[in-house]
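A.B. asks: everything below, folded, please.
(one chain, ligands or ions: 3)
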Amino acid sequence: MTESSQLANLHGLVILSFLTKALGAETGTTDNLKEIVIGRCYNYVTLVNPNSRYDCEEIWTEFQQAVLRRTSCNVAVRDYQRMFHTTPQALPCDRLLFWSKTHELVHSYSAVTRHFWTLEDTLVGYMFNDLIWCGQDDRDSGFNFSACPVWSTCVNHPVYSLWKQASKNFAASACGNITVLLNGSIQNAFSRQSMFGSVELDSLNPRMVNHVNIKVVANLEGPFVESCSQGSILDLIETLRSRGFHWTCTDSDVTLRILQCIQNPRQFSCQTCSSSLLHGQ
Ligand SMILES: *[C@@H]1O[C@H](CO)[C@@H](O)[C@H](O)[C@H]1NC(C)=O
Ligand SMILES: *[C@@H]1O[C@H](CO)[C@@H](O)[C@H](O)[C@H]1NC(C)=O
Ligand SMILES: *[C@@H]1O[C@H](CO)[C@@H](O)[C@H](O)[C@H]1NC(C)=O
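C.D. replies: Ligands and ions are numbered 1, 2, ... in the order given. Predicted coordinates for the structure are as follows:
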């Protein structure tokens, strides 16, 4: 598999931007990592989610132990176990939003509806969003701020391993209805190599999840490659069916369409609902 196809297969703005940086000029651990991570943690427990009780210093200590005890390219999912023990989080039923290759839209969708929780709304997702980190092979010398390895060259990349476990926990705690936002303008909108297809889907519990509500959203200008009745989404539906999930699928969600039109009101397919507004201009 080429690097770029692995890239395309990942989900998450976080991971995408991490990779973009990692593949460009050599990028090391994010400057001020400790201050950012601890600061975000205090922000989360104080302002974002004031009822939560976490020990931010302890989380940082466990994080650091996980990353710095191993060589820079070999931090496995299980190495973060102690850190994840310090960040347990119960998530609200009916509200989890999963997504793959729709990062342009997903966070404005969840911001506007004020209903959904994405991984980036959980404590761990919030703390580590967009950050890069790796240790040095000389294990006593802290983080490597000058360069981190590209993840495809690693057995266990420190950034990837953390997101993998965070995604697993997120999916495993899903209850009630969940929503999945997929991109109808590309082939393999549902990919077994994506974080959703490889980690999250398998971690969903059919006894806890009532409905998997799939929303397929294509770019306004197309191309229109996949839909609820076409392409890889049929594989997803088949997988859900065989595991005993109830599901729905829509490729014409009105809220999503309106959001897309707000971002691009002059697009031809938006004219019907905005023509009276645009007329005055
Ligand atoms: C679908 O994926 C393409 C290619 O990555 C991207 O440019 C586009 O913004 C995505 N569309 C939506 C609706 O997320
Ligand atoms: C940082 O990582 C890069 C890439 O793995 C490596 O070449 C470099 O020697 C490391 N720096 C230190 C100080 O270990
Ligand atoms: C769950 O999803 C189903 C199917 O879309 C819908 O009929 C039901 O009202 C939803 N329930 C909640 C609590 O959102």
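
A.B. asks: got the residues of the stretch 151-281 of the chain near ligand 1?
C.D. replies: Taking CB under 6 Å from any ligand atom as the measure of proximity, the stretch 151-281 of the chain contacts ligand 1 at Asn183, Ser185, Ile186, Val217, Asn219. Placement of C-beta: from N, CA and C, glycine included.

A.B. asks: show the buried residues in these.
C.D. replies: Among these, the ones that count as buried by 16 or more other CB atoms under 10 Å are Asn183, Ser185, Ile186, Val217, Asn219.

A.B. asks: from these, which ones fall inside helices?
C.D. replies: Per DSSP state H, helices hold no members of these.

A.B. asks: tell me how far Asp79 lies from Thr29.
C.D. replies: To Thr29, Asp79 is 17 Å away according to CB to CB, to the nearest Å.

A.B. asks: hang on, isn't Arg192 packed against Ser198?
C.D. replies: Yes: assessed by CB atoms under 8 Å, Arg192 is found in contact with Ser198 at 6.0 Å.

A.B. asks: low-confidence stretches in the stretch 51-200 of the chain?
C.D. replies: Within the stretch 51-200 of the chain, the stretches with pLDDT under 70 are 139.

A.B. asks: residue contacts, the nearest residue to Val75 once chain neighbours are set aside?
C.D. replies: Spatial nearest neighbour of Val75, chain neighbours left out: Pro158 (3.9 Å); criterion: CB to CB, 6 or more residues apart in numbering. Contacts for Pro158 (CB atoms under 8 Å, 6 or more residues apart in numbering) come out as Ala66, Val67, Arg70, Ser72, Val75, Trp133, Cys134, Gly135, Cys148.

A.B. asks: surely the last one meets Leu131?
C.D. replies: No: contact status for Cys148 versus Leu131: not in contact, 10.8 Å apart, counting by CB under 8 Å.

A.B. asks: anything in contact with each of these two?
C.D. replies: Val159.

A.B. asks: the two: which has the busier surroundings?
C.D. replies: Taking neighbours as other CB atoms under 10 Å, Cys148 and Leu131 compare with Cys148 leading, 27 against 18.

A.B. asks: many thanks, I have nothing further to ask.
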